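Undergrad: Build me a model:
(chains A and B)
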Amino acid sequence: DGGITQSPKYLFRKEGQNVTLSCEQNLNHDAMYWYRQDPGQGLRLIYYSQIVNDFQKGDIAEGYSVSREKKESFPLTVTSAQKNPTAFYLCASRTGLGATVEAFFGQGTRLTVV
Amino acid sequence: AQSVTQLDSHVSVSEGTPVLLRCNYSSSYSPSLFWYVQHPNKGLQLLLKYTSAATLVKGINGFEAEFKKSETSFHLTKPSAHMSDAAEYFCVVRITDSWGKFQFGAGTQVVVTP
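TA: Okay, the predicted model is just below:
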């Protein structure tokens, strides 16, 4: 089945540590996104990538980094510079931009700083 | 700039009664609009979308939405709520740029009582 796989589902991090969240898709989509979700704030865009080896900062990129070495993969690193990393993180990919445009989401990773 | 505003942060309905979730949008262009549903600790699932075709859009699970340009609204309705409809709902607009970004509303939490 085609879809987006995020791992792990739950992640605990000590303060000062970097952690990497995995996102893999087999939908053959060019565009991929990372969002952060906090209660009552909807989804906020962290980074997005239109094609391999290219990505752009979203609205809240500080303290995060990404790479896009393969079309299928778009990992997100939460660095120690992110002051409040505890949140639910969602990865998405997108079809084309015409009438068929749609974003597909993974099941999310819940990151907790302990 | 495109944006969406969800007018209710929480909606409580009785099982079997109609559901109305309100969304207003702001866009200089003909927008692409979406409704997504999220169950606890899960990813987002597309309910329906409007991409400049029919203004009354039917989605999954008995939901539908009507695009009203004169009112800049895209309200989501369902004639009869089911217990499984308890979830968070997001109204989303696709930002008209070359990157295909999406702007999310803050979400509406739906509670269904027996």
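
Undergrad: what does chain B put close to chain A?
TA: Residues of chain B found near chain A (Cβ under 8 Å from any Cβ of the partner chain) are B:9, B:32, B:34, B:36, B:41-46, B:49, B:51-53, B:90, B:92, B:94, B:98-102, B:104-107. In this view, the C-beta of every residue, glycine as well, is placed from N, C-alpha and C.

Undergrad: For PyMOL, what selects the buried ones among those residues?
TA: Taking 16 or more other Cβ atoms under 10 Å in any protein chain shown as the burial criterion, the selection of buried members of the residues of chain B next to chain A in PyMOL is written as:
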select buried, chain B and resi 32+34+36+42+43+44+46+49+51+90+92+94+100+101+102+104+105+106+107
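
Undergrad: per-residue confidence for residue 63?
TA: Answering for chain A, as no chain was given. Looking at A:Gly63, its pLDDT is 96.

Undergrad: Chain B, not that one
TA: On the pLDDT scale, B:Phe63 is placed at 97.

Undergrad: how close does it sit to B:Gly107?
TA: Using Cβ to Cβ, to the nearest Å, B:Phe63 is found at 16 Å from B:Gly107.

Undergrad: Quick check: end-to-end length of stretch B:35-47?
TA: 6 Å (Cα to Cα, to the nearest Å).

Undergrad: Show which residues not belonging to that stretch make contact with it.
TA: Residues from elsewhere that reach stretch B:35-47, judged by Cβ atoms under 8 Å, 6 or more residues apart in numbering or on different chains: A:4, A:6, A:43, A:88, A:90, A:92, A:102-108, A:110, B:21, B:23, B:34, B:48-49, B:59-61, B:63, B:65, B:74, B:76, B:87-92, B:107.
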